[in-house]
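J.: Sequence first, then the predicted structure, then my questions.
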Amino acid sequence: MNIVTAHKLAKNYNSLRAVDGVDFEIRQGECFGFLGPNGAGKTTVMRIISCFLTPSAGSVSVFGLDAAREPARIKARVGVMPQETNLDPDLNVLENLIVYARYFDIPKRSSTPRAKALLEFVEMGGKTDVRIKHLSGGMKHRLLLARALINEPELLILDEPTTGLDPHSRRAVWEKLEDLKARNTTLLLTTHYMEEAERLCDRVAIMDSGRIVTIEPPATLMERHGGNLEQVYLRLTGRSLAD
Ligand SMILES: Nc1ncnc2c1ncn2[C@@H]1O[C@H](COP(=O)(O)OP(=O)(O)OP(=O)(O)O)[C@@H](O)[C@H]1O
Ligand SMILES: [Mg+2]
């Protein structure tokens, strides 16, 4: 079954075509990755799928629901970890989760134990009372992951979940994502780390200037084109991922 189906999806920002008519499907239980350099259109696609942005053309359905018609029903079942930290700096760690749970109409008697369990899951059980401004970058990342899970989402959208993390913290996040996948959560992520894509993703979409160049499992791409994913990317687009 497809969790997401996008058809001729496009997004213009004034005269800029940020997403230029893309088609893709994300299957139940898989980890699907978007790879591409800065400005390729990855975040724009993520925001459309999470119903925070309306496409200029084309359509997307999530859980079989049309994003244009039923955004609220989709949002209730999706978790989003944004590229930019948008935690509330005036609240502590636990309060951030409880306030966020209100958007999903989760009553406090349920959200408090759920938030505490999620903080244990991301190994921040000892940080409930700490203010956001006193957290390290890595801790903020893990808190954003916990927050994205507050509504027990069937689809988890992660926009660069490990950018800026040290190698140890990065591996810790990978283990959490593997745990979630083992529990049948469908994962959609963007990343600039080829090692992350190779380890986590069942299939990757290679994006360049708003278009999808190919969608394949990482192993298939490396076998067919030779070399690692970085080199595959260069061969397919003529551009380095670091451009
Ligand atoms: N709100 C906006 N208004 C105008 N242009 C925008 C807006 N958001 C994104 N863009 C432009 O759309 C293009 C795609 O941006 P997007 O954020 O989707 O890229 P990305 O692939 O996520 O890049 P990165 O790897 O840097 O996160 C870029 O050229 C960007 O400048
Ligand atoms: Mg982005």
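T.: Okay, I see it. Ligands and ions are numbered 1, 2, ... in the order given.

J.: What parts of this structure come near ligand 2?
T.: 42-43, 83 (C-beta under 5 Å from the ion). Backbone N, C-alpha and C define where each C-beta goes, glycine included.

J.: Would you enumerate the residues in contact with the nearest residue to residue 71 once chain neighbours are set aside?
T.: Nearest residue to residue 71 in three dimensions, chain neighbours excluded: residue 51, at 3.8 Å (C-beta to C-beta, 6 or more residues apart in numbering). Taking C-beta atoms under 8 Å, 6 or more residues apart in numbering as the contact definition, residue 51 lies against 62, 67, 71, 74-75, 78.

J.: thinking again about what came up before, go through the residues of the chain next to ligand 2 and single out the one with the most neighbours.
T.: Neighbour counts for those (other C-beta atoms under 10 Å) peak at residue 42, which has 26 neighbours.

J.: hmm, back to that, please identify which of the contacts of residue 51 is nearest to residue 171.
T.: residue 78 (25.6 Å; C-beta to C-beta).

J.: so that closest one touches residue 149, yeah?
T.: No. Using C-beta atoms under 8 Å, residue 78 is not in contact with residue 149, being 11.1 Å away.

J.: any residues in contact with both of those two?
T.: By C-beta under 8 Å, 6+ apart, the residues touching both residue 78 and residue 149 are residue 156.

J.: The protein: helices as residue ranges?
T.: 42-49, 71-75, 93-102, 108-121, 137-148, 167-182, 194-200, 218-225, 229-237 (DSSP state H).

J.: what sits against whichever residue of the chain sits closest to ligand 2?
T.: With C-beta to the ion as the measure, residue 43 is the residue of the chain nearest to ligand 2, at 3.1 Å. By C-beta under 8 Å, 6+ apart, the contact set of residue 43 is 83, 159, 190.

J.: Check the gap between the last one and residue 21 for me.
T.: Spatial separation of residue 190 from residue 21 under the definition C-beta to C-beta, to the nearest Å is 19 Å.

J.: Put the alpha carbons of the lowest-mean-pLDDT helix or strand in the chain into CSV.
T.: Lowest mean confidence among the helices and strands of the chain (mean pLDDT, DSSP states H and E): helix 229-237, at a mean of 86. Extracted C-alpha coordinates of helix 229-237, given in CSV (Å, rounded to 0.1, in the frame of the first residue of the first chain):
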residue,chain,number,x,y,z
LEU,A,229,26.2,7.3,-3.5
GLU,A,230,28.2,10.5,-3.7
GLN,A,231,29.8,9.4,-7.0
VAL,A,232,26.4,8.1,-8.3
TYR,A,233,25.0,11.6,-7.6
LEU,A,234,27.8,13.3,-9.5
ARG,A,235,27.3,10.9,-12.5
LEU,A,236,23.5,11.3,-12.7
THR,A,237,23.4,15.1,-12.3
